[in-house]
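Participant: show me the folded form of this:
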Amino acid sequence: SFTVMVICRADNETVDMTPLNKRIGWQSGVDTGWTLRRHSANKNLYGYVGDGITGMQVVFPSASNRILATYALRRDVTADTIALLWDGAVKSTTTDLTTATLANAFDLLIGAGAAGVSGFWQGQIMAVALWRKALTPAEIVLAGDELLGIPLVATIPDQTLLEEATLSIPVSATGGPLTYTISGPAFVTLVDNGDDTATITIAPKNDDAGVYTVQVSAIGAGGVDTATFQITVLMSNRIGGVGAILRSPRRGTRPPR
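Facilitator: Here you go, the predicted model:
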């Protein structure tokens, strides 16, 4: 099993182009190896896997030009499938009839076809990654975001504490290098740890009882992601008892039922 992924943008509609190739005869025949190729006539994206005996092909029709996209070719020997994915979505799949190893396939070429003399890529190639496993669509999306520097902040659970208490919460995100910002009440502060993590400190004072919304943003090279959570501050050491959010009524008023 393997997954190969390339993040790229095609700028030419008139030539066959190959962002990734590990197949000797990339245009015809049964060869050992695999390739990702865009066809000039129909703009189709092709994925090929061959073991020298059998060759299998998957096709995604009319892949758009001049759009930054993630192409992925996945071979799953457990499920016996070959799939072509676009931005993490499975666009084409077929039964994998290949059986032999691809360990002795042709050298990997980036941005060129057979022997590095045909099928040159005309556009941009941002990142290339390969895995010795069949990734899920969600894993491919996450890997693409990380390679492009698009952050994804881990979920931060809602918090409850008393006035005058202090609480520290770790924050993490993928897609670094990152910087962090925070929006919320004054008693909530954030320290960027400089290692793609941060620490939130919640330290409400007297008269801070209530419910608050906090938003944390992680800023990466490829964009921004945010996580929102709520803080409930309970009243303490007051008439009305520990845990009451509402203060005691003034003298002469009827207390709430």
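Participant: pLDDT (mean, whole number) over stretch 144-164?
Facilitator: The average pLDDT within stretch 144-164 is 89.
Participant: could you pull out the helices in the stretch 1-150 of the chain for me?
Facilitator: For the stretch 1-150 of the chain, the helices defined by DSSP state H, counting those that start in this stretch occupy 137-148.
Participant: please enumerate the strands of it.
Facilitator: Remark: strands assigned in the stretch 1-150 of the chain by DSSP state E, counting those that start in this stretch are 2-10, 17-21, 32-38, 45-51, 55-60, 69-76, 81-86, 89-95, 109-110, 123-131.
Participant: I'd like those strands as a markdown table, with mean neighbour count, mean pLDDT and distance to Thr181 appended.
Facilitator: Bear in mind the C-beta positions are built from the backbone N, C-alpha and C, glycine included. Output for these, formatted as a markdown table (neighbours: other C-beta atoms under 10 Å; pLDDT from 0 to 100; distance: least, C-beta to C-beta, whole Å):
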| stretch | mean neighbour count | mean pLDDT | distance to Thr181 |
| --- | --- | --- | --- |
| strand 2-10 | 21 | 90 | 27 |
| strand 17-21 | 25 | 88 | 36 |
| strand 32-38 | 25 | 87 | 38 |
| strand 45-51 | 24 | 88 | 38 |
| strand 55-60 | 18 | 87 | 38 |
| strand 69-76 | 23 | 92 | 28 |
| strand 81-86 | 22 | 92 | 33 |
| strand 89-95 | 15 | 91 | 31 |
| strand 109-110 | 18 | 89 | 36 |
| strand 123-131 | 15 | 91 | 26 |
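Participant: okay, those in CSV with distance to Ile182 next?
Facilitator: Shown next, in CSV, are these (distance: least, C-beta to C-beta, whole Å):
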stretch, distance to Ile182
strand 2-10, 30
strand 17-21, 40
strand 32-38, 41
strand 45-51, 41
strand 55-60, 41
strand 69-76, 31
strand 81-86, 35
strand 89-95, 33
strand 109-110, 40
strand 123-131, 30
